[in-house]
Structure formats: C-alpha cells, structure tokens
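>>> Dropping a prediction and its sequence here:
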Amino acid sequence: MKIEEKQFIALDLGTSNVLAYVGKKGIVYNEPSIMAYDNLNNSLIALGHEAYEMVGKTNDNTRMVVPIKDGIIADMDAAKDLLKNIFGKLKMMDIWKNSVVLLACPSGVTELERDALKKVAMDLGADMVVVEEEIKLAAIGAGLNITLPRGSVAIDIGGGTTDVAIIASGEIITSRSIKAAGTSFDDDIKKYIRSEYNVNIGDKSAENIKIQIGSLGKYNAERSMSVFGRDVVSGLPKEAVVSAEEIRNVLINSFSKITDLFIELLEATPPELAGDIIKYGITICGGGALIRNVEKYFSDIFSIPCKIAKDPLMTVINGAKDYEKIIFNKLENGFYGKNGRNLKEINKFM
C-alpha cells in the first residue's frame, strides 16, 4: 500500500476523556473515558456519556473502569475494549487495517509504557504507531509556532496529569509531568469537605463544585453552594454549604504542586531561552485552563504574561490533526521504522 493511501488515526486517551480523529473525517469521538462492566459475565454495559451517568449509582454487579490513568494503560483488556467499541459503534473498525496511528502521552511516560500504548493499537490492526508527548501536540493545537528558534512555554492541565514544557526549533527542550490535575483537584475537594463538614461526597459532586464555584482568584458574584453527601458519623444523608473562598483555598494549595514543577523546569532552562519566556509568556491548555483566573494566578506568581489557549479542551487533538502531515512527510523520507520508532534524527518538521 502506498503511503498516501494509508489511513491516519489520532487518539488522545485521557484520564477524563477520549478523543479520536480520523484523517479526512475529522473528530469522530469525544466522550468520557469511563466504562461500565457487568461483573456476572464480564460484558461491557456502557461507555462514554452513558457510563458517566452511572457513576455512583450502580449495584454490586456493576464495576466502573477507567482504562487509561495518568496517560498509562491501567487495564489493557479494557483499553482494547474501549477502542473496539468506539470504532465498532462508528462502523469504522476497518480503518485500523494498515493505518498510521498517533497516540498522545504525558511527558513522564517510560519507553515500556509507550510500548504498552502501541500494543493496543497494533493489536487492532495498525501498521505503524507513533507516540508523541501530548504537551508538544497541545502547543501546536494552541497555535504556537514551535518550529521557530525561540522558546515557547506550554502548560497542559489535563484530567490525570499536568505537563509543562519549553519547546524550540520543533522539539521539546525540557519538560516535566506531575499527577496533579483535574481528578486530583476533585479528590482534594472531597477530602476538604469530609474534614471540614464530616460529609462524604462523590466524584461527580466534587467535580461540579470545582466547575461551579472553583477559582484561583476572587471574581464577581461569588457565591456559596450546597452539596449533598453522607454523614461520616451517622451514615445519614447530609447537606454541606461551601463557599467559593473555601474551594479557592483548596485549589490554590493543589496548584502549588504545579508551580513548584514549573520552577523546577525554569531552573533547567538554557539561559538563552529565558528572555523568550519573559517576552512571549505561557500558554495554558487542558481542562484546568477553564478554572477561573488560572492565567492571573500564574502571571502573578511568575511575573510572566500568561494566556489561555483557544478551545483548551481540544488543543491536543487539534495539534494531532496538524501533526498528520509531519508524520507522512517523515514516512516518505524514511524517518520511521514499521513500529513508529525514529530511524533518523531531524531538526525541522514543518
């Protein structure tokens, strides 16, 4: 099969959401990563939005599974099930045969973990699988021209991990990844409400609090919010009323891990790029970019201009779309082996 005839598939397998892009068709799937299984016969009951609606409302015969956690495959069989059912539902399983697949992963993923990601796609029939750091794809999807010989800084706050990177001349100069992101923010909110109000709340309730009143700085029309859960002592239903200020303090404490990571990154930055960072600033991507005043938070701490990417939830998959022509250009020039590993070093991609 000629290179130009191969089908291109890009996957952003996140802890919170799965996005799939197919060349010449666009984004064909964008739903939560969660899946529901029947424990009695180990059959898949639901996935995506349908499974998400079941969270916290299932019986003992149902188990909820998130196959990808922190960019790493936590359940290989479930990950294969996920992709088979997504593309089967779309009646697109045939596109996997001899396809070229691009997978996004966090910066801290090991070679062994990359190989596990590749195996899932290869088992479905892919001819070649390329794994790229999602922060690089996010920077491209955010509109940064990473090919220029100047430093571009991106922070991608996802569901399972936060990645920070400095990119110049088409490659990542230095990057870091931490498991402090959307789901851990929710966990911190749950812990605070349990500690302060003796109320256990669910994951969806914590996420809703974060979305509704979460912030990293004061904003107009701040309000309190009622949340319902189970009393830790009596086990009975109980209401807690939390303020925007309380949740802000929780989130600021959570985000301190990200600021520490960014300081560590800056300390490893070549001096020549420091001026670029001050001049061109930071671009924030991912779901965490939607938290109120996140750009002001980083700007105030580091005295560096900061902006939120347009459509931050889609930056990784949008970057993957743009990366399609880069991959096929590399293929034509013999830069990849069959399994997607680089055969040559190149410095210019676009």
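Cool, the structure landed.
>>> distance of the residue sitting furthest away from the middle of the chain from Val199?
Distance from the C-alpha centroid of the chain peaks at Ser234, with 37.9 Å (Cα atoms, centre = their mean). Using Cβ to Cβ, to the nearest Å, we find Ser234 at a distance of 11 Å from Val199. To be clear about C-beta, it is placed using only N, CA and C from the backbone, and glycine gets the same treatment.
>>> Ok, Val131 next?
Val131 is 42 Å from Val199, by Cβ to Cβ.
>>> Repeat that for Lys330.
Lys330 sits 54 Å away from Val199, going by Cβ to Cβ.
>>> Specify which residue of those two has the higher count of neighbours.
A direct count of neighbours by other Cβ atoms under 10 Å for Lys330 and Val199 places Val199 higher, at 21 against 18.
>>> Sticking with the residue farthest from the centre of the chain, tell me its helix or strand.
Counting by DSSP states H and E, no helix or strand carries Ser234.
>>> which intervals of this protein have sub-threshold pLDDT?
Filtered on pLDDT under 70, the chain yields the residue ranges 1-4, 71, 337-350.
>>> Show me the residue sitting in the middle of it in space.
Nearest to the mean C-alpha position of the chain, by Cα atoms, centre = their mean, lies Gly158 at 3.7 Å.
>>> ok, that one - contacts?
The neighbours of Gly158, taking Cβ atoms under 8 Å, 6 or more residues apart in numbering as the test, are 14-16, 106, 134, 181-182, 286-288.
>>> could you check the distance from the residue nearest to it when sequence neighbours are not counted over to Gly182?
Sequence neighbours aside, Gly286 is the residue nearest to Gly158 in space, at 4.6 Å (criterion: Cβ to Cβ, 6 or more residues apart in numbering). Gly286 is 8 Å from Gly182, where distance means Cβ to Cβ.
>>> Contacts only, for Thr269.
Here Thr269 is in contact with 151, 166, 173-174, 277 (Cβ under 8 Å, 6+ apart).
>>> and it, helix, strand or coil?
With DSSP: H, G, I helix; E, B strand; the rest coil as the basis, Thr269 sits in coil.
>>> Break the protein into its domains for me.
Using automatic domain parsing, the domain parsing of the chain gives 3-137+314-332, 145-180+257-312, 182-250.
>>> chain center to the second one, what's the gap?
Going back to what we said before, that points to domain 145-180+257-312. Mean-position distance between domain 145-180+257-312 and its chain equals 15 Å (Cα atoms, centre = their mean, to the nearest Å).
>>> And for the first one?
For domain 3-137+314-332, the distance from its own C-alpha centre to the chain's C-alpha centre is 12 Å (Cα atoms, centre = their mean).
>>> The stretch 201-350 of the chain: helices as residue ranges?
Secondary structure of the stretch 201-350 of the chain (DSSP state H, counting those that start in this stretch): helices at 203-213, 244-267, 271-280, 294-302, 315-332.
>>> got these as TSV, with distance to Ile9 columns?
TSV is the format used below for these (distance: least, Cβ to Cβ, whole Å):
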stretch	distance to Ile9
helix 203-213	29
helix 244-267	31
helix 271-280	33
helix 294-302	32
helix 315-332	9
